[in-house]
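Undergrad: Just the structure for this:
(chains A and B)
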Amino acid sequence: MNGPCRTYASALLLAVCTFSQTAVADGFHYNNILIGDRAAGMGGSYTAISDDPSGLYYNPAGVVYATGSNLNGSMNAVHHTFIRYKDVLGGEDYTRSSKVLTPNFFGFTQPFGGGTLGFSYAVTDAILEDQNQNFRNLVIGTDVVDQYVINSNDQDTSYNLGPSYAYKISDSLSVGATLYLFYRHRKYIFNQQLYLGDGSVFWSNQYLEGTESGVTPILGLMWSPMDKMSVGVSVRKTQLFYADFRNQETTSTYDSAAHIVIPAPVIGTGDYKRDMPWQINTSVAYFLTERWLLSGEIDYFSAVEDRRWITNTSFGLEWYATSKWAVRTGLYSNLANTKEVQSNKSGQAEHVDLYGFSFSVTHFTRNNACTAGFNSSFGSGEAQILGGTEIQDVESTSLTVFLSTTYTY
Amino acid sequence: MFYGSLLRVCLCAALGAVLGLHALASDAADFRKRAHTITTDTDLNLADIEAEISFGRELAARILARERLYDNAELSRYVSLVGNLVAGYSSRTELQFFFAVIDDDSINAFSAPGGYVFVTRGALRNMKDESELAAVLAHEIAHIELKHIVKALKIRAVDSSFESGLGLLFGGGSDTARALFDQAVDQATKVLFEEGFHVQEELDTDIAAIDLLANSGYDPTALQRFLERVDREAPSSSSKKKRTHPTSETRMNALDRAINESRLRDVSAMRNKERFTSHERSM
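TA: Numbering: from 1, shown residues only, chains lettered A, B, ... in the order given. Next comes the predicted model:
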């Protein structure tokens, strides 16, 4: 078996398994799933609006303006991601795709003790990759590969669950806080079999499971400096208090002289608690009329460990065609928190800046609102999915289709 | 030292700007209201309601100065009975509704803010059953429920916002205020008898009327039946109605959609033809 092939297979394995370096399901971005029906339709530009249950996530101060005594909102989303690494396997592309149906938000608000009490559940990221890929007759470097089989399963979900309370200081100023319990669970299985032209076989198996727990306090402020205008600011940072992961990796080779080599599995455990970034959302909304609403937002994420600081930007528009039908649309960015991939370096995380748009339609009856919509993002960049200094072009797309209901009484 | 002073000046300026802007700000809950919350608005302001009722009472008086009231106690009682049954399902539970019959052969109905509803004898004569009477009254109740005139003329009690153009009317009482009040009533009269509401407002009102009919147990298709008949059988006498309402085709299409979407087409509901017929002599 030649070295380069071994390097290829090993590199593929190593490039995707390092749990602690992966912040969330897509650890290279912070804005993967938009929460809440109205917010998702407006590209997530919602911190200055936040006057429904999804405000408990964006800016708890806004829920003091929720209409009606009680509100319930829930949302289910189908989240699909697709990443193509170009020209990886002897000229062929390597792709990863994920499809997951997730109840990504539930929340309610209720007046309580002079303020507004709320409780919400939000899935901020979810991925379910289940792949069975089979490549034949590849030429990698100077080696001929008869068959290359990759089977993988990756489940990674981040949950947030907790209470909120908001208080109206004056007609134009309110404050609020949410305390989320953060929980993330990842299970990852990755098998590879590489059949070379000279009869050599390379086989590897990796199993990884990990859990993280912590708290995410969110502090919010909502201010109306003038008529029809609202300014919202929220600050959050997740603090992990528990982390546990274990990794088992087994590699074997079968060479042409019929010597099987199966080393003992390498088992690793860890409890490293990642440092999570500060997130500061700042947004302005203009309530032009009861039918038109515009909003813009900048979300800042601080640098942490090997991640750089970034700012995501979003814009949203809401228009009521009638009192029973509303249309929303938005634009948003989901920038990579990794550094740009540089030549002559190895082991660099992929860097793909994503840009997305969103659209939704809501139908209102006397006490209910039903929403259907989608948001989608696109981007291209670079990665080093192999172990060497070679750089691959990457294309990434995502599509989230959601249905939601809100009940007011 | 210099930087300390500079910092203090900047902080004072920022605080001043914040307080200044804060003074200009109106209640954020007002401008945050979205179009769909109009019918479910539970954030009631008593002073605004009193202003609306005062304005409506004045407008009703203006209507009665222009149109003659039909003096038939039995018929008035019957119309009030049906009207109050429907109004009982309105979201404007804070209002007391009044119903009256206008002695006019044209086919028309109108309402004033605060709960005042009028229907002409001409309209009553063109109805076939009680559900159609309920439908016409429901349409007028819906105009009040949706606050079309209140919103168009910004009728509200005194507040600190710059937009409460009529706010001073109900807190002042000066000659200027009285003149402005009269102008507003004139404007409302013009809307009712000449200009009409916006097409979309009429369509929204029809849909709200269907909800009221369905909730009160009356046939939800009654409004559609009545309008179709009026359009078919008495196009000339409905000229007043036509002047202040959208085209029949637009209305019928919207009603069709709303009834079908709500799956109310084949609902078995109350029409009360016999009771209505027993009052026909007095129409």
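
Undergrad: going forward, measure contacts between C-alpha atoms and count neighbours the same way
TA: Will do.

Undergrad: So A:Tyr159 is in contact with A:Thr211, correct?
TA: No. Assessed by CA atoms under 8 Å, A:Tyr159 is found out of contact with A:Thr211, at 11.4 Å.

Undergrad: Overlap of the contact sets of these two?
TA: Counting by CA atoms under 8 Å, 6 or more residues apart in numbering or on different chains, the residues touching both A:Tyr159 and A:Thr211 are A:183-184.

Undergrad: Show me where the stretch 301-409 of chain A has its helices.
TA: Remark: no helices are assigned in the stretch 301-409 of chain A by DSSP state H, counting those that start in this stretch.

Undergrad: Pull out the buried residues from the strand or helix carrying A:Ser158.
TA: Using DSSP states H and E, A:Ser158 sits in strand A:143-170. Residues of strand A:143-170 classed as buried: A:143-150, A:152-168 (neighbour count, 16 or more other CA atoms under 10 Å in any protein chain shown).

Undergrad: next one: stretch B:66-76
TA: For stretch B:66-76, by 16+ other CA under 10 Å, it's B:69-70, B:75-76.

Undergrad: The residues you listed: which two are farthest apart?
TA: B:Leu69 and B:Leu75 (11.8 Å; CA to CA).

Undergrad: what is in contact with those two at once?
TA: B:Val101.

Undergrad: so which residue of chain A comes closest to chain B?
TA: Across chain A, the shortest distance to chain B (CA to the nearest CA) belongs to A:Met226, at 4.2 Å.

Undergrad: so how far is A:Asn104 from that residue?
TA: As for A:Met226, its distance to A:Asn104 is 34 Å (criterion: CA to CA, to the nearest Å).

Undergrad: check contacts around the residue lying closest to B:Leu264 once chain neighbours are set aside.
TA: Counting by CA to CA, 6 or more residues apart in numbering or on different chains, B:Leu264 lies nearest to B:Pro220, which is 6.6 Å off, once chain neighbours are set aside. For B:Pro220, the contact set (CA under 8 Å, 6+ apart) comprises B:135, B:210-211, B:213-214, B:259, B:264-265, B:269.

Undergrad: List only buried entries from those residues.
TA: B:135, B:210-211, B:213-214, B:259, B:264, B:269.

Undergrad: just to revisit the earlier point, from B:Ser262, how far out is the residue nearest to B:Leu264?
TA: For B:Pro220, the distance to B:Ser262 - CA to CA - is 10 Å.

Undergrad: so which strand or helix has B:Phe55?
TA: helix B:46-66.

Undergrad: That helix packs against which elements?
TA: strand B:109-112, strand B:116-120, helix B:175-190 (3 or more CA pairs under 8 Å, 6 or more residues apart in numbering or on different chains; DSSP states H and E).

Undergrad: Can you get me a residue count around the closest residue to B:Glu145 other than its chain neighbours?
TA: Computed as CA to CA, 6+ apart, the closest residue to B:Glu145 that is not its neighbour in sequence is B:Arg92, at 5.9 Å. B:Arg92 has 23 neighbours, counted by other CA atoms under 10 Å in any protein chain shown.

Undergrad: and if you look at B:Arg281?
TA: By other CA under 10 Å, the burial measure for B:Arg281, its neighbour count, is 8.

Undergrad: May I have the secondary structure class of it?
TA: Under DSSP: H, G, I helix; E, B strand; the rest coil, the three-state class of B:Arg281 is helix.

Undergrad: Under the pLDDT cut-off, which ranges of the chain? List them.
TA: Picking chain A for this. Along chain A, segments meeting pLDDT under 70 span A:1-26, A:68-74, A:140-141, A:255-260, A:366, A:387, A:409.

Undergrad: Hmm, no, I was thinking of chain B.
TA: B:1-27, B:38-45, B:158-177, B:234-247.

Undergrad: Give me the nearest residue to A:Glu129, chain neighbours excluded.
TA: A:Ser98 (4.4 Å).

Undergrad: Provide a list of residues in contact with that neighbour.
TA: A:Ser98 neighbours (CA under 8 Å, 6+ apart): A:79-82, A:127-130.

Undergrad: Need phi/psi at it.
TA: Torsion angles at A:Ser98 (phi, psi; degrees, to the nearest 10) stand at phi -140, psi 140.

Undergrad: What of B:Ala258?
TA: phi -60, psi -40.

Undergrad: Could you look up the SS state of the closest residue to it other than its chain neighbours?
TA: Leaving aside its sequence neighbours, B:Ala258 sits nearest to B:Ile207 (CA to CA, 6+ apart; 6.4 Å). Counting by three-state DSSP, the backbone at B:Ile207 sits in helix.

Undergrad: One more: the one 3 residues further on?
TA: Taking three-state DSSP as the rule, one finds B:Ile210 in the helix state.

Undergrad: now swap in the one 4 residues further on and tell me
TA: Three-state assignment for B:Ala214 (three-state DSSP): helix.

Undergrad: Tell me who's in contact with it.
TA: Here B:Ala214 is in contact with B:220, B:264 (criterion: CA under 8 Å, 6+ apart).

Undergrad: Equivalent analysis for B:Ala28, please.
TA: B:Ala28 touches A:65, A:171-172, A:224, A:227-228, A:230, counting by CA under 8 Å, 6+ apart.

Undergrad: Relative to B:Ala87, how far out is the closest residue to B:Val86 other than its chain neighbours?
TA: Of all residues not flanking B:Val86 in the chain, B:Ser216 sits nearest, at 5.7 Å (CA to CA, 6+ apart). Look at B:Ser216 and B:Ala87: by CA to CA, they are 9 Å apart.

Undergrad: of the two, who's got more company?
TA: B:Ala87 (28 against 21).
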